[in-house]
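Asker: Provided below are the primary sequence and the corresponding predicted coordinates.
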Amino acid sequence: MADLFGDSAPAAPRQEASANAPLADRLRPRSLDDIVGQEHLTGPDGAIGRMVAAGKLSSMILWGPPGTGKTSIARLLADAVGLRFVAISAVFSGVADLKKIFAEARQMAKAGQQTLLFVDEVHRFNRSQQDGFLPFVEDGTVTLVGATTENPSFELNAALLSRCQVLILHRLDEKALGTLIERAEHEFGKPLPLTREAREALIASADGDGRFLLNQVETVFDVEPEAPLDPAGMAALLHRRVPVYDKDREGHYNLISALHKSLRGSDPQASLYYLARMLVAGEEPLYVLRRLTRAAVEDIGMADPNALLQCLAAKEMYDFLGSPEGEIGIVQACLYLATAPKSNATYMAQKAAWRTAKDSGSLMPPANILNAPTKLMKDIGYGKGYAYDHDAEEGFSGANYWPDELEPQEFYRPTDRGFEARVRERLEYWAERRKELNSKSS
């Protein structure tokens, strides 16, 4: 079923939609002006608006969530500039279908008729199939309009992307979804039998998907309740919408990134929101715990070493109780991390130390701290002059532990936040004592 959208005024049904067609088909927009929620593209200053005004289309990829208008825009683009419209789905089409389409497009081009080829779910074509589009896009045999719900930079060949504009469609907001309901009411000739609260709940449940909303609206109209339904009555009638979330797709990485950055930014409310988004949508709790544990060291570290312990304890609790009881432990770990003092000093120290270790090669530690289990090793100086720190005043000898060929480095630079502030004082004190002891020995 194609996507659907309209603008503020009720749009007349398309001529080709019969009275028995689904509401979503009957309310398909008839022009780009009828599109709702994508004015940043279809308006006079938008990419699509400018192309239509110029009467010339470039190949493009329409990237957006389900039910936001990709199919409708492609069809209306062809109408707007007088192109022949051919649509295929990458789910059901193969190489033979493409060859036939390209051959027909060449024949039509000789007769003066250019072709707009709309490919739904274009990311479903494999890399070699995507490469097959290149010569026909380059020589103008077809103007390609691909539609995808997945991030094109991950799913499409760089060569194909370089020949197409990527246009991003937004999920439909409350105003746009409200306009679709108004169009449905105009189509049925009566108001939707829902209370104001139920209407708002219905819009929220659509999650920005216009097609889903209209399918639900049609169900409510078909039932013809005796009185307007309240939210509870509507929920009993309609199936609950499952949140849009693919664990191996971009939405997964967007939400875990948002959670991690909210933790780092010390916003416990936003952190808890993104945690809920993931777990409610069915994310594996242990995956979330792994990410929280990483954040405990990367973004908190020695500023509050207990952050790591909280995450490990939450993991143990979840292993013991499972879902849903064990998820409260994940919540506590999340809130602990969000409210803890922040430091990336441990993370930065690791990067600096790893870099120096790679750059400096296999330098021998100084002889005084080498182990000497044999007489030969003792004879050649291994362990000679080693100062046992516990025998020194204050348990600190100030000895050198760096290879002779390498100047002492400073990898770990503690902040003045949380527990790390005490560590910083200690390191500064030891640095001064080391200078004093070395000056005495010299």
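Answerer: Received the coordinates, thanks.

Asker: quick one: low-confidence parts of the stretch 201-350 of the chain?
Answerer: By pLDDT under 70, the weakly predicted segments of the stretch 201-350 of the chain are 240-251.

Asker: redo that, cut-off 80
Answerer: Counting by pLDDT under 80, the stretch 201-350 of the chain shows low-confidence ranges at 239-252, 282.

Asker: Tell me where it has helices.
Answerer: Ranges of helices within the stretch 201-350 of the chain are 210-223, 231-237, 250-264, 268-280, 285-295, 306-321, 327-339, 345-360, based on DSSP state H, counting those that start in this stretch.

Asker: With distance to Gly69 as added columns, please give the ones you listed in CSV.
Answerer: C-beta: built from backbone N, CA, C; applies to glycine. Shown next, in CSV, are the helices of the stretch 201-350 of the chain (distance: least, Cβ to Cβ, whole Å):
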stretch, distance to Gly69
helix 210-223, 7
helix 231-237, 25
helix 250-264, 19
helix 268-280, 24
helix 285-295, 33
helix 306-321, 41
helix 327-339, 36
helix 345-360, 42
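
Asker: looking at the ones you listed, which is closest to Glu138?
Answerer: Of all these, helix 250-264 sits nearest to Glu138, with 28.2 Å by Cβ to Cβ.

Asker: returning to that earlier point: so which of the helices of the stretch 201-350 of the chain is nearest Phe154?
Answerer: For the helices of the stretch 201-350 of the chain, the distance to Phe154 is smallest for helix 250-264, at 6.8 Å, taking Cβ to Cβ.

Asker: Who are the packing partners of the closest one?
Answerer: Applying 3 or more Cβ pairs under 8 Å, 6 or more residues apart in numbering; DSSP states H and E, we find helix 250-264 packed against helix 268-280, helix 285-295, helix 327-339.

Asker: buried residues in the last one?
Answerer: Buried positions in helix 327-339, judged by neighbour count with 16 or more other Cβ atoms under 10 Å: 327, 329-330, 333-338.

Asker: Which of the three states applies to the residue lying closest to Pro403 once chain neighbours are set aside?
Answerer: Nearest residue to Pro403, sequence neighbours excluded (Cβ to Cβ, 6 or more residues apart in numbering): Leu363, at 3.8 Å. Here Leu363 takes the coil state, with states given by DSSP: H, G, I helix; E, B strand; the rest coil.

Asker: Now that Leu363 has come up, it's in contact with Ala357, right?
Answerer: No - using Cβ atoms under 8 Å, Leu363 is not in contact with Ala357; the gap is 9.5 Å.

Asker: hang on, the earlier thing: residues near the residue nearest to Pro403, how many?
Answerer: 12 (other Cβ atoms under 10 Å).

Asker: OK, contacts around it?
Answerer: Neighbouring residues of Leu363 by Cβ atoms under 8 Å, 6 or more residues apart in numbering: 403, 405-406.

Asker: can you redo those as JSON lines with distance to Gly69, neighbour count and pLDDT?
Answerer: Below are the contacts of Leu363 laid out as JSON lines (distance: Cβ to Cβ, whole Å; neighbours: other Cβ atoms under 10 Å; pLDDT from 0 to 100):
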{"residue": "Pro403", "distance to Gly69": "64", "neighbour count": "15", "pLDDT": "90"}
{"residue": "Glu405", "distance to Gly69": "65", "neighbour count": "9", "pLDDT": "90"}
{"residue": "Leu406", "distance to Gly69": "61", "neighbour count": "14", "pLDDT": "90"}
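
Asker: between those residues, which is nearest Lys190?
Answerer: Leu406 (82.6 Å).

Asker: ok, now which ones touch that closest one?
Answerer: 356, 360, 363.

Asker: where's Phe85, which helix or strand?
Answerer: strand 84-89 (DSSP states H and E).

Asker: can you check Leu62 too?
Answerer: Per DSSP H and E: strand 60-63 holds Leu62.

Asker: Please work out which residues outside that strand touch it.
Answerer: Taking Cβ under 8 Å, 6+ apart as the rule, strand 60-63 contacts 47, 70, 73-74, 122, 144-152, 156, 161, 164-169.

Asker: Just the buried residues from those residues, in PyMOL please.
Answerer: In PyMOL syntax, the buried subset of those is picked out as below (16+ other Cβ under 10 Å):
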select buried, resi 47+70+73+74+122+144+145+146+147+148+149+150+151+152+156+161+164+166+167+169
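
Asker: so of the contacts of strand 60-63, which ones are in helices?
Answerer: The helices, defined by DSSP state H, take in 47, 70, 73-74, 152, 161 from the contacts of strand 60-63.

Asker: can you redo those as TSV with distance to Arg30 and pLDDT?
Answerer: Output for the ones in helices among the contacts of strand 60-63, formatted as TSV (distance: Cβ to Cβ, whole Å; pLDDT from 0 to 100):
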residue	distance to Arg30	pLDDT
Ala47	21	94
Lys70	17	93
Ile73	13	94
Ala74	14	93
Pro152	29	89
Leu161	31	90
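
Asker: Widest-spaced pair of those?
Answerer: Those two in the ones in helices among the contacts of strand 60-63 that are separated most widely, counting by Cβ to Cβ, are Ile73 and Leu161, at 18.8 Å.

Asker: list the contacts for Pro366?
Answerer: 400-404.

Asker: mind giving me a markdown table with those and columns for distance to Leu376 and secondary structure?
Answerer: Shown next, in a markdown table, are these (distance: Cβ to Cβ, whole Å; DSSP: H, G, I helix; E, B strand; the rest coil):
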| residue | distance to Leu376 | secondary structure |
| --- | --- | --- |
| Asn400 | 24 | coil |
| Tyr401 | 23 | coil |
| Trp402 | 25 | coil |
| Pro403 | 22 | coil |
| Asp404 | 21 | coil |
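
Asker: Buried ones among those?
Answerer: Using 16+ other Cβ under 10 Å, no member of the contacts of Pro366 is buried.

Asker: quick check, nearest of these to Glu316?
Answerer: Tyr401 (36.3 Å).

Asker: Done for today, thanks.
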